[in-house]
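*Asks:* Can you look at this prediction? I've put the sequence above it.
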Amino acid sequence: MVMIFTLVSAIQEKLNEIVDQIKTRREEEKKEKEKEAEEAEKQCFHGTPVTIENFLSWKTKFDADLLELRRKKMKEEEQAGKNKLTGKQLFETDHNLDTSDIQFLEEAGNSVEVDESLFQEMDDLELEDEEDDPDYGPADLDSDTQFAE
């Protein structure tokens, strides 16, 4: 019985050592992976150093690309604008448009009539005086009197 106890104790200690070694190895592997990931991330942020020559070559390429994009955009606008005329251009080319609204109204027979009797009693309307207006200020009076003179 003592011999079995000694063997079981020795085996248990050996297993504990093996488990501890596995744990430390896993922790080391985890730290190593984190370190590699951190280095890879640093490499992503580390680019080519900017020198005058590098910058000038990039700038010429960038300007050429930008100029090409502007030319394409201008061509597209010209293509779209060929069919469209501005209002001024329409009136300059077709003089019938000057009188077209009048002709339309005459053809439709819709004449606009104004009832002048609605405007005869303008004195009865209650309009606010300038003094009653909350936005009224003496500066308003001065500017009005300057124009009246």
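*Replies:* Sure, I can see it.
*Asks:* For the rest of this, base every contact and every neighbour count on C-alpha atoms.
*Replies:* Will do.
*Asks:* burial count for H95?
*Replies:* By the criterion of other CA atoms under 10 Å, H95 has 10 neighbours.
*Asks:* For it, give me its contacts.
*Replies:* Residues near H95 by CA atoms under 8 Å, 6 or more residues apart in numbering: none.
*Asks:* what is the mean pLDDT for the helix or strand where E29 lies?
*Replies:* Using DSSP states H and E, E29 sits in helix 2-45. Helix 2-45 carries an average pLDDT of 94.
*Asks:* same for the helix or strand that that helix is followed by, what does it pack against?
*Replies:* Toward the C-terminal end, the helix or strand that comes next after helix 2-45 (DSSP H and E) is helix 52-81. Here helix 52-81 touches no other helix or strand, going by 3 or more CA pairs under 8 Å, 6 or more residues apart in numbering; DSSP states H and E.
*Asks:* who touches the first helix or strand past helix 52-81 going along the chain?
*Replies:* Sequence order places helix 87-93 as the next helix or strand after helix 52-81, per DSSP H and E. For helix 87-93, contacts defined as CA under 8 Å, 6+ apart pick out L97, D98.
*Asks:* As PDB, could you dump the C-alpha coordinates of helix 87-93?
*Replies:* C-alpha atoms of helix 87-93 as PDB (Å, rounded to 0.1, in the frame of the first residue of the first chain):
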ATOM      1  CA  GLY A  87     -33.800  80.400 -71.500                       C
ATOM      2  CA  LYS A  88     -31.900  83.400 -72.900                       C
ATOM      3  CA  GLN A  89     -30.700  81.300 -75.900                       C
ATOM      4  CA  LEU A  90     -34.200  80.000 -76.500                       C
ATOM      5  CA  PHE A  91     -35.600  83.600 -76.700                       C
ATOM      6  CA  GLU A  92     -32.700  84.700 -78.900                       C
ATOM      7  CA  THR A  93     -33.200  81.900 -81.400                       C
END
